[in-house]
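Novice: Next comes the sequence, and after it the predicted model I'd like to discuss.
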Amino acid sequence: MNLPEGFHNEIIEAKENKLYTDVDNIKSKVDTSPLNSGGASFKTNVLIKESSSKILYKPSIGAAIFGFIFLAIGLGVLFFGIYPLFGNNFNFAEVEWFLLIFGLIFATAGGFMYYMFYMPRVFDKQIGYYYKAYKFKIHNSNKSASKSQIPLNSIIAIQLIGEHVKNDKGSYKSFELNLVLKDGSRKNVVDHGNLKSIISDAEILSDFLDVPIWHAGSIKA
């Protein structure tokens, strides 16, 4: 059976119009408040193009130094806290418990920062997923989004949100780069204070994923 001339084009146009309408409807319902309140005041991650099919985030030098300072201070204080043990036949009465607790808190904070800053954030077209984990478990993957891995075809936009953060030490601006999914939910990728870098990252990811960038403006916290 011969189809009328232009029939295929009409079907394609109808599908495209429906797709744009669906996306507009989702956009109107997507939350524009910060997904992660707060955020760092400095650049925490750098976007790297590893290949034509893979883009990933790595920690910035500033993030590495920041985490190292906390870890070094914590370990140093811990050492001074337990040092009396070595000269007093392990007499725990000589231990500086305040230094021990203080050092443990700082060392734990530094270790946690390293763990979070260095956690891979990878956009991989070969496996078709974005994942935020030290190891992508392919046997656990499925077509739905999870906390640590998201199908690339479920991402419909890149969302940028600015936040004015105030605390006891002053104020600063932080910016979120979030992924918007087909169901209207969002997943945060990075959150730091370098606007120029965030915008550049959004443009690269927008081209890589072929999705638009949605600017949500700035919000005071």
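Specialist: On my side now, so go ahead.
Novice: Which parts of the chain are strands?
Specialist: Along the chain, counting by DSSP state E, strands occupy 45-51, 54-59, 121-124, 129-132, 149-151, 155-167, 170-181, 186-192, 213-220.
Novice: Would you mind putting the ones you listed into a markdown table with distance to Asp201, mean pLDDT and mean neighbour count alongside?
Specialist: In this view, the C-beta of every residue, glycine as well, is placed from N, C-alpha and C. Converted to a markdown table, the strands of the chain look like this (distance: least, C-beta to C-beta, whole Å; pLDDT from 0 to 100; neighbours: other C-beta atoms under 10 Å):
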| stretch | distance to Asp201 | mean pLDDT | mean neighbour count |
| --- | --- | --- | --- |
| strand 45-51 | 5 | 93 | 16 |
| strand 54-59 | 8 | 94 | 18 |
| strand 121-124 | 11 | 95 | 19 |
| strand 129-132 | 13 | 93 | 21 |
| strand 149-151 | 17 | 91 | 20 |
| strand 155-167 | 9 | 89 | 19 |
| strand 170-181 | 6 | 90 | 20 |
| strand 186-192 | 7 | 93 | 21 |
| strand 213-220 | 10 | 74 | 14 |
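Novice: wait, which of those strands is closest to Met113?
Specialist: Smallest distance to Met113 across the strands of the chain (C-beta to C-beta): 9.4 Å, for strand 54-59.
Novice: Just want the angle from that closest one to strand 170-181.
Specialist: Angle of strand 54-59 versus strand 170-181, following axes from the mean of the first three to the mean of the last three C-alpha atoms, to 10 degrees, is 160 degrees.
Novice: Tell me what angle strand 54-59 forms with strand 45-51.
Specialist: Using the same axes, to 10 degrees: strand 54-59 against strand 45-51 is 150 degrees.
Novice: Grab the CA positions of strand 54-59 and hand them over as CSV.
Specialist: Provided in CSV are the C-alpha atoms of strand 54-59 (Å, rounded to 0.1, in the frame of the first residue of the first chain):
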residue,chain,number,x,y,z
LYS,A,54,33.1,9.4,28.1
ILE,A,55,33.1,12.5,30.2
LEU,A,56,33.9,12.5,33.9
TYR,A,57,34.6,14.8,36.9
LYS,A,58,37.8,14.7,38.8
PRO,A,59,38.6,16.7,42.0
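Novice: which residues touch it?
Specialist: Strand 54-59 is contacted by residues 44-50, 117-118, 120-126, 189-190, 204-205, 208 when judged by C-beta atoms under 8 Å, 6 or more residues apart in numbering.
Novice: on that earlier part again, turn the strands of the chain into a markdown table, columns for distance to Phe80.
Specialist: Formatted as a markdown table, the strands of the chain follow (distance: least, C-beta to C-beta, whole Å):
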| stretch | distance to Phe80 |
| --- | --- |
| strand 45-51 | 33 |
| strand 54-59 | 29 |
| strand 121-124 | 37 |
| strand 129-132 | 37 |
| strand 149-151 | 43 |
| strand 155-167 | 29 |
| strand 170-181 | 31 |
| strand 186-192 | 33 |
| strand 213-220 | 42 |
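Novice: Noted, bye for now.
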